[in-house]
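Please find the sequence and the predicted model below.
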2 protein chains.
Amino acid sequence: MKPVSSPVSESDLGPRLAATASAIERLLERLLGTAPAEGEIARPERLVAAMRHGALAGGKRLRPFLTVETAGFFGVPREQALRAGAAVELLHCYSLVHDDLPAMDDDDLRRGRPTVHKAFDEATAILAGDALLTLAFDVLADPATHESGAVRAALVRALARASGLGGMVGGQMFDLAAEGRFEEARGALGEAEIRRLQAMKTGALLAASVEIGARLGGADAAALAALDAYGRALGATFQIADDILDVEADAAQMGKATAKDAEKGKATLIGALGLDGAKRERDRLSEAAVAALAGFGPEAEVLRAAARFAAQRKS
Amino acid sequence: MKPVSSPVSESDLGPRLAATASAIERLLERLLGTAPAEGEIARPERLVAAMRHGALAGGKRLRPFLTVETAGFFGVPREQALRAGAAVELLHCYSLVHDDLPAMDDDDLRRGRPTVHKAFDEATAILAGDALLTLAFDVLADPATHESGAVRAALVRALARASGLGGMVGGQMFDLAAEGRFEEARGALGEAEIRRLQAMKTGALLAASVEIGARLGGADAAALAALDAYGRALGATFQIADDILDVEADAAQMGKATAKDAEKGKATLIGALGLDGAKRERDRLSEAAVAALAGFGPEAEVLRAAARFAAQRKS
C-alpha cells in the first residue's frame, strides 16, 4: 500500500492530538465494560473499576496518536487504527500501574490522582495491570482490528517485543538496578548504558506505536525501516525532554513532584551530558527523527510535527 | 482436518506425560536464553534468571500435555504443538509467580523451592511475571508456531480470554474477595459462586490448553465444542481433586503445607458439598469429561485417560 496524501501543518497538531485522545478514551470505555466479552465467564466489578482507574485517567495519549497518524497516511480505516492504538495505550497503562507499585517506584500519585494501589490495594493493582496487559494482546488479535490474521499476529509480536524482557520490562529492570536495588548492580551507569536503558524503557514502545500503525497499513520493508528509525529517535527525544523537564519545571507546572528522578537516583542523560549537552542532544535527536522521514511527502508532516513537539513541550 | 488415529492405553499416560514435560523443559530453556531475540535490545541477566526460576521449576506440565495431545490427534507437527504448549505453560508460570507475591497469597515456597520473590525480590518477581506473560503471546504469534496468521491470532485470543479479567486474573480477584480482603465482598460464597470462581481461576486455562491444541489442528466447530466441554469438565475435576488432596494428604506427600486452603479461608466445594459429596462430584465431572469425547475414536483415549488421572491422582 502506498502512502496517501493528507498534508498537515504543525499548528494542527494540538487539535489532532485532542481528537484522537478523545476517540481513544471512548474506545477504552467500551473495552473496559463490566459485561463479559465472548469466551469470558464473568468480570469482577472491583477489577474492572481498578482497570478503568488505571486506563481512563486521560493523558495525552501520545502512543495511540502515533499509531493512528502513521496508519492514517497509509489509508488504514480509522476504526482499525483506533483499536490498535487503544491496545498500545492499554499496554502503556499496565506499565504505569505496575511501575507505581510499592515494590517498584512506590508512587502515590499519578496525574494528580491516587495511583491504582492507593485508590484500591496492592493485590488489585497487580491484577489490574496483568489484565490490562492481557487485554492489549486480545484487542490486537481480534479480527475487528485487521482483516488479515498475519497482520494481527505481526501486531501482537511487535507489541510483545517492545514490552517484554528485551523491551520495556527489561528497561524497568535495568532502571531498578541503576538505583542500586540489587547487590550485583551497584555503580553509576555510563552514557551508553543510560541510552540503552531508555531505549528499552520508553523508546521501544514509542517505536512500536509507529511500527504497529505502519504494519496495519501494509508498509513495505523500506517504509518500516524509516519509520522504525523515526520511532526510536522520537522515543529518545521524548525521554531526554522528560528528564530536562523534570529538572527545570516547577511542581505546579508538571503536576507532580519534580527533581524526583535525581532524588531517587534515576539514571538520566543530564548526569552524563550536563543540562546544556542534554538539550543539544534532545534537539539533535528530534532533527534525526524528522530526517528519518525524508523519503515521505507531506502526508508525514504530522509525524514531523510530533517530533518537534516532543523536543519543545513544556509539560 | 479430521482426527488421525493413534490409540493410547491408560497405562501409557505416565511415560507420555514425562516425555512431553521433558520436551517442554528443553523448549522453555531455549526461549528463556540470555541473548536478545530479534527486535529486542538487551535482556537483563537478573530478570532472565528470575524468569527461569519461575518457569523451569519442573512440575507435571499438564497444560502443555493437553495442548500437545489434542494437537497430536489432529496430526499437527510436534514442534508446533510443543511451541503452543510452551506458551500455555509460560502463562501458567506467570500466574504462579504473581499469585505467590506478598500482596497476593504470600507464599514462600513452591514445589519445595523458594518462590521467585523470595529467591530474588518483589520488584523482580513482578517484572518476571509480566515478562513471562508477554513472552507467552510472543511465542503464539510467531510464524514458527503455525503457518497461518489467522490461526496464530486465534491462539492469542484463546489464551488472552482464558487468562484475562474474564478468566484466570478475574478468578484470582474473586478468590481474594472470598477471603474477605475487600470491604464490599464479605460473606461466604455459595456453591454456584465457588464453581464460577474455580471455572475462571483454573478451569479456563485448562480448557484453553485443549482449545489451543484443537485450533492448531484446524478442528471444526463441532470438535471445538466437544473439546471445550471436555476441557471445562477436566478443569473442574482437577480443581475439586486438588481441594480434596489438600484436606486429605499429609504434608510430606504433597510437598507443601496442607489444609492451607482452609486456614486461609479459600473457598472450595468441600465446604458446600462435604468431603464425600465433593468426591462424588469429582468423579461425576471426570466421567462428564470422558463423555464429552464420545464422538471421537481411540485417538482420544489419552485425553480420556487424563480425565481419569485428574480424579485419581494422589499428589
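Structure's in. What do you need?

CA only for contacts and neighbour counts going forward, please
Noted.

Let me know how buried the closest residue in space to residue A:312 that isn't next to it in sequence is, in neighbour terms.
In space, and not counting its chain neighbours, residue A:312 is closest to residue A:241: 7.8 Å by CA to CA, 6 or more residues apart in numbering or on different chains. Counted with other CA atoms under 10 Å in any protein chain shown, residues neighbouring residue A:241 total 24.

Next: residue A:183.
7.

Contacts only, for it.
Listed by CA atoms under 8 Å, 6 or more residues apart in numbering or on different chains, residue A:183 has no contact partners.

Show me the strands in the stretch 1-150 of chain A, by range?
For the stretch 1-150 of chain A, the strands defined by DSSP state E, counting those that start in this stretch occupy A:109-110, A:113-114.

Quick check: neighbours of the last one in the sheet, parallel or antiparallel?
In the sheet containing strand A:113-114, its partner strands are strand A:109-110 (antiparallel), by DSSP bridges.

Pull the distance from the partner strand to the chain's centre.
17 Å (CA atoms, centre = their mean, to the nearest Å).

cool, stretch A:148-160 as well?
18 Å.

Touching that stretch from outside, list them.
By CA under 8 Å, 6+ apart, stretch A:148-160 touches A:88, A:137, A:140-143, A:145-146, A:205, A:208, A:211-212, A:215-216, B:134-135, B:137-138, B:141-142, B:148-153.

Leaving out the residues flanking it, which one is nearest to residue A:237?
Residue A:237 sits nearest to residue A:282 (CA to CA, 6+ apart), 5.1 Å away.

show me the contacts for the one you found.
Counted by CA under 8 Å, 6+ apart, residue A:282 has contacts A:236-238, A:240-241, A:311.

Name the residues of the particular helix or strand that has it in it that are buried.
Secondary structure assignment for residue A:282, by DSSP states H and E: helix A:269-292. By 16 or more other CA atoms under 10 Å in any protein chain shown, the buried positions in helix A:269-292 come out as A:269-271, A:275, A:278-279, A:281-283, A:285-292.

I'd like the next helix or strand past it.
Trace forward from helix A:269-292 with DSSP H and E and the next one is helix A:301-312.

how far is the helix holding residue A:282 from where the chain is centred?
19 Å.

Give me the mean pLDDT for it.
Throughout helix A:269-292, pLDDT has a mean value of 95.

Then stretch A:135-147?
According to the model, stretch A:135-147 has a mean pLDDT of 98.

what about that stretch, how long is it end to end?
19 Å (CA to CA, to the nearest Å).

about what we covered before: show me what contacts the residue nearest to residue A:312?
Here residue A:241 is in contact with A:279, A:282, A:310-313 (CA under 8 Å, 6+ apart).

for the residues you listed, which one is nearest chain B?
residue A:282 (21.0 Å; CA to the nearest CA).

Can you name the residues that contact the residue nearest to residue A:116 when sequence neighbours are not counted?
Spatial nearest neighbour of residue A:116, excluding adjacent residues (CA to CA, 6+ apart): residue A:125 at 5.5 Å. Taking CA under 8 Å, 6+ apart, we find residue A:125 in contact with A:50, A:97-98, A:101, A:116-117.

cool, and residue A:113?
Residue A:113 touches nothing, counting by CA under 8 Å, 6+ apart.

Distance-wise, check it relative to residue A:56.
12 Å.

What of residue A:188?
Taken as CA to CA, the span from residue A:188 to residue A:56 is 37 Å.

Residue A:66 is in contact with residue A:212, correct?
No: Residue A:212 is beyond contact range of residue A:66, at 9.2 Å (criterion: CA atoms under 8 Å).

Counting neighbours around each, name which of the two comes out higher.
Taking neighbours as other CA under 10 Å, residue A:212 and residue A:66 compare with residue A:212 leading, 32 against 28.

quick one: average pLDDT of stretch A:38-54?
95.

Repeat that for stretch A:221-233.
97.

Return the per-residue confidence for whichever residue of the stretch 201-315 of chain A sits closest to chain B.
Closest residue of the stretch 201-315 of chain A to chain B, CA to the nearest CA: residue A:204 (8.5 Å). We have a pLDDT of 96 for residue A:204.

still on that earlier bit, the residue nearest to residue A:312 should be in a helix, yeah?
Yes: counting by DSSP: H, G, I helix; E, B strand; the rest coil, residue A:241 is part of a helix.

So, low pLDDT: which residues of chain A?
Filtered on pLDDT under 70, chain A yields the residue ranges A:1-11, A:184-187, A:250-266, A:315.

try it again with 80
A:1-12, A:57, A:183-188, A:249-267, A:313-315 (pLDDT under 80).

right, and residue A:169 touches residue B:129 too?
No: the criterion here is CA under 8 Å, and residue A:169 misses it with residue B:129 at 10.0 Å.

Please give me every residue in contact with residue A:130.
A:94, B:130, B:164, B:169.

In JSON lines, list those residues along with distance to residue B:19.
Listed next are those as JSON lines, based on distance: CA to CA, whole Å:
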{"residue": "A:94", "distance to residue B:19": "37"}
{"residue": "B:130", "distance to residue B:19": "28"}
{"residue": "B:164", "distance to residue B:19": "30"}
{"residue": "B:169", "distance to residue B:19": "30"}
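
Can I get the buried part of the residues you listed as one PyMOL selection?
Those of the contacts of residue A:130 that count as buried under 16+ other CA under 10 Å are selected in PyMOL with:
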select buried, (chain A and resi 94) or (chain B and resi 130+164+169)
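
now the end-to-end length of stretch A:180-193.
First-to-last residue span, stretch A:180-193, CA to CA: 14 Å.

ok now that stretch, how far from the chain's centre?
Going by CA atoms, centre = their mean, where stretch A:180-193 is centred and where its chain is centred differ by 25 Å.

again with stretch A:57-65
With CA atoms, centre = their mean, you get 8 Å for stretch A:57-65.

how long is it end to end?
With CA to CA, one end of stretch A:57-65 sits 16 Å from the other.

circling back to that earlier point, so what angle separates the directions of the helix holding residue A:282 and helix A:301-312?
160 degrees (axes from the mean of the first three to the mean of the last three CA atoms, to 10 degrees).

Convert the C-alpha atoms of helix A:269-292 to CSV, please.
Only the C-alpha atoms of helix A:269-292 are listed here, as CSV (Å, rounded to 0.1, in the frame of the first residue of the first chain):
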residue,chain,number,x,y,z
LEU,A,269,21.5,11.7,30.3
ILE,A,270,21.7,15.0,32.1
GLY,A,271,24.1,13.5,34.5
ALA,A,272,26.3,12.3,31.6
LEU,A,273,26.0,15.3,29.3
GLY,A,274,25.1,18.2,31.6
LEU,A,275,21.9,20.2,31.1
ASP,A,276,23.1,22.1,28.1
GLY,A,277,24.5,19.0,26.5
ALA,A,278,21.3,17.2,27.1
LYS,A,279,19.3,20.0,25.4
ARG,A,280,21.6,19.8,22.4
GLU,A,281,21.2,16.1,22.3
ARG,A,282,17.4,16.4,22.6
ASP,A,283,17.3,18.8,19.6
ARG,A,284,19.7,16.6,17.6
LEU,A,285,17.5,13.6,18.1
SER,A,286,14.4,15.5,17.2
GLU,A,287,16.0,16.5,14.0
ALA,A,288,17.2,12.9,13.4
ALA,A,289,13.5,11.8,13.7
VAL,A,290,12.4,14.4,11.2
ALA,A,291,15.3,13.4,8.9
ALA,A,292,14.3,9.7,9.0
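
Nearest to residue B:72 among the contacts of residue A:130?
residue B:164 (27.0 Å; CA to CA).

Could you double-check that the closest one sits in contact with residue A:136?
No: contact criterion CA under 8 Å: residue B:164 and residue A:136 do not qualify, at 10.1 Å.

who wins for neighbours among the contacts of residue A:125?
Highest count within those by other CA under 10 Å belongs to residue A:116, 30 neighbours.

wouldn't that one be in contact with residue A:52 here?
No: using CA under 8 Å, residue A:116 is not in contact with residue A:52; the gap is 9.5 Å.

which residues do the two both contact?
Counting by CA under 8 Å, 6+ apart, nothing touches both residue A:116 and residue A:52.

if I read this right, residue A:71 contacts residue A:218, doesn't it?
No: the criterion here is CA under 8 Å, and residue A:71 misses it with residue A:218 at 9.1 Å.
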